[in-house]
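Participant: Structure, please.
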Amino acid sequence: MWRLINMKVFRDVWATILTAVGLTLALSVTQGWTWPLLGDARAGIIALGVVGLAVCGSSGWAAIGFSAKDPLMITAIFAGVVLLVAGVIGLFANTMPYLVVMMVATAAIWLVATTRHLVEGGSDARPVPTA
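Facilitator: The predicted model follows:
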């Protein structure tokens, strides 16, 4: 049991570190820090997207259950759709507002996912019925 809880904590810590890296890369573009390979909004969108995919891939499915009525899941899905739409439009438009929207949506997804893991976590957590 403790191994399972420690694994969830490790995943959340790792996801937090990767999210901070992605947001820092995007922030370097918005603030004009002139980092190599991050010269415009498109590069920031790509960097944030790649790191975001790494976060999703490394954290896995940490939730115990899925319910379409869960307000945290609804919020995360909405933020994910906003993130995807802003990323696709931003790749073509190459303007800063889409990168900023992606940064806010990424932070929102991280916050919602971490909150959900903290709320449902614990040694006596039970699966949520799906319906």
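Participant: helix, strand or coil for Trp33?
Facilitator: Judged by DSSP: H, G, I helix; E, B strand; the rest coil, the three-state class of Trp33 is coil.
Participant: try the one 3 residues further on
Facilitator: When classified by three-state DSSP, Pro36 comes out as coil.
Participant: Now the phi/psi pair for it, please.
Facilitator: phi -60, psi 140 (degrees, to the nearest 10).
Participant: tally of neighbours for Gly90?
Facilitator: Gly90: 24 surrounding residues under other Cβ atoms under 10 Å. Bear in mind the C-beta positions are built from the backbone N, C-alpha and C, glycine included.
Participant: Please tell me how far it sits from Leu111.
Facilitator: 21 Å (Cβ to Cβ, to the nearest Å).
Participant: do Val9 as well
Facilitator: Distance, Val9 to Leu111, by Cβ to Cβ: 17 Å.
Participant: Heading C-terminal from whichever strand or helix holds Phe10, find the next helix or strand.
Facilitator: Phe10 belongs to helix 2-30 when assigned by DSSP states H and E. Reading on from helix 2-30 to the C-terminus, the next helix or strand found by DSSP H and E is helix 41-59.
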